[in-house]
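Trainee: only geometry, no sequence info:
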């Protein structure tokens, strides 16, 4: 098996990928000489990439006649053009970011449920309003839309807080401890009955604008909605209008409709920051010092499973 790594690595990542050499030939594109690159690329069966359209030239991709697998170091693969790899399976790094992202999710949940930002802002202005009530999470329902690696990690934390877990995945089955599991056909039930809703489902044509005006309207008026998946899963205008009309509705976003890596800039069509029940972060929920080692070890285990090591 010939594997090509196409993105720039930290030293720790290189050492982890080198462990694959026991069963495969591992090449790093940034180390290949120009006169040998094409011959090696012709015999590559798998690549490990971040942004393959940037890391590989079109003519190099066309030479990959034997390519079977495109492993992406990220949890999402919606940025990869499937047409470039018509005969290869595109595989995400599912679970590679689940621990730090799930912690980030609960940081947002707690900040909103306990009104930490509201209280802090008032204290900063010299207002000591001790009567502000917060939300109890114990015995409440955490609905998780997308029960992969991230969703499962969120579910474990929810259980630690004494919450019930209602989950949605593609099969309607799971080995995890949950109180309800369904598919997207059961989305309304989960949205209607959840006190906290976490979006961690991949972006596809089916899930684009999955949460729009109708779905928001059937949620509880004081629900907490967290999105760490892709912004396009929620209709931006519908979300803004819903928050405007439902002052107790709370939202935390780590993903945005226009971000520097996607569009070259950060821009909102609607000013969510005018709401006191809103919290945002710059799509950095997985960014902890340990993430490069964590995600690479997870990626290597996925590669081994697919390549039958």
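Mentor: That came through fine. Quantities reported herein were computed from a predicted structural model and do not represent experimental measurements. Residues are numbered from 1 along each chain as shown.

Trainee: can we go C-alpha only for contacts and neighbour counts from here?
Mentor: Fine.

Trainee: Once you drop chain neighbours, what's closest to residue 110?
Mentor: Distances taken as Cα to Cα, 6 or more residues apart in numbering place residue 116 nearest to residue 110, at 7.9 Å, with adjacent residues excluded.

Trainee: go on, residue 244?
Mentor: Closest residue to residue 244 apart from its sequence neighbours, by Cα to Cα, 6+ apart: residue 275 at 7.9 Å.

Trainee: Listing request: residues of this structure with sub-threshold pLDDT.
Mentor: 309 (pLDDT under 70).

Trainee: For it, which segments count as strands?
Mentor: Under the criterion DSSP state E, the chain contains strands at 2-5, 25-28, 46-49, 69-72, 89-91, 141-145, 164-168, 180-182, 196-199, 224-227, 250-253, 278-280.

Trainee: Export those strands to TSV and append columns for mean neighbour count and distance to residue 34.
Mentor: Listed next are these as TSV, based on neighbours: other Cα atoms under 10 Å; distance: least, Cα to Cα, whole Å:
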stretch	mean neighbour count	distance to residue 34
strand 2-5	21	15
strand 25-28	18	13
strand 46-49	24	18
strand 69-72	22	22
strand 89-91	17	26
strand 141-145	27	46
strand 164-168	26	48
strand 180-182	19	51
strand 196-199	26	44
strand 224-227	24	43
strand 250-253	23	43
strand 278-280	19	44
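
Trainee: Now distance to residue 293 too, for the ones you listed, in JSON lines please.
Mentor: Converted to JSON lines, these look like this (distance: least, Cα to Cα, whole Å):
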{"stretch": "strand 2-5", "distance to residue 293": "16"}
{"stretch": "strand 25-28", "distance to residue 293": "18"}
{"stretch": "strand 46-49", "distance to residue 293": "15"}
{"stretch": "strand 69-72", "distance to residue 293": "15"}
{"stretch": "strand 89-91", "distance to residue 293": "19"}
{"stretch": "strand 141-145", "distance to residue 293": "27"}
{"stretch": "strand 164-168", "distance to residue 293": "29"}
{"stretch": "strand 180-182", "distance to residue 293": "32"}
{"stretch": "strand 196-199", "distance to residue 293": "25"}
{"stretch": "strand 224-227", "distance to residue 293": "25"}
{"stretch": "strand 250-253", "distance to residue 293": "26"}
{"stretch": "strand 278-280", "distance to residue 293": "26"}
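
Trainee: How about the contacts made by residue 301?
Mentor: Residues in contact with residue 301 (Cα atoms under 8 Å, 6 or more residues apart in numbering): none are found.

Trainee: could you measure it against residue 17, distance?
Mentor: Relative to residue 17, residue 301 is positioned 10 Å away (Cα to Cα, to the nearest Å).

Trainee: do the same with residue 128
Mentor: The value you get for residue 128 to residue 17, if Cα to Cα is used, is 54 Å.

Trainee: Pick out whichever of these two has more residues nearby.
Mentor: residue 17 (20 against 12; other Cα atoms under 10 Å).

Trainee: what residues are up against the nearest residue to the more buried one once chain neighbours are set aside?
Mentor: Excluding the flanking residues, the one nearest residue 17 by Cα to Cα, 6+ apart is residue 300, at 6.8 Å. Shown in contact with residue 300 (Cα under 8 Å, 6+ apart): 16, 17, 20.
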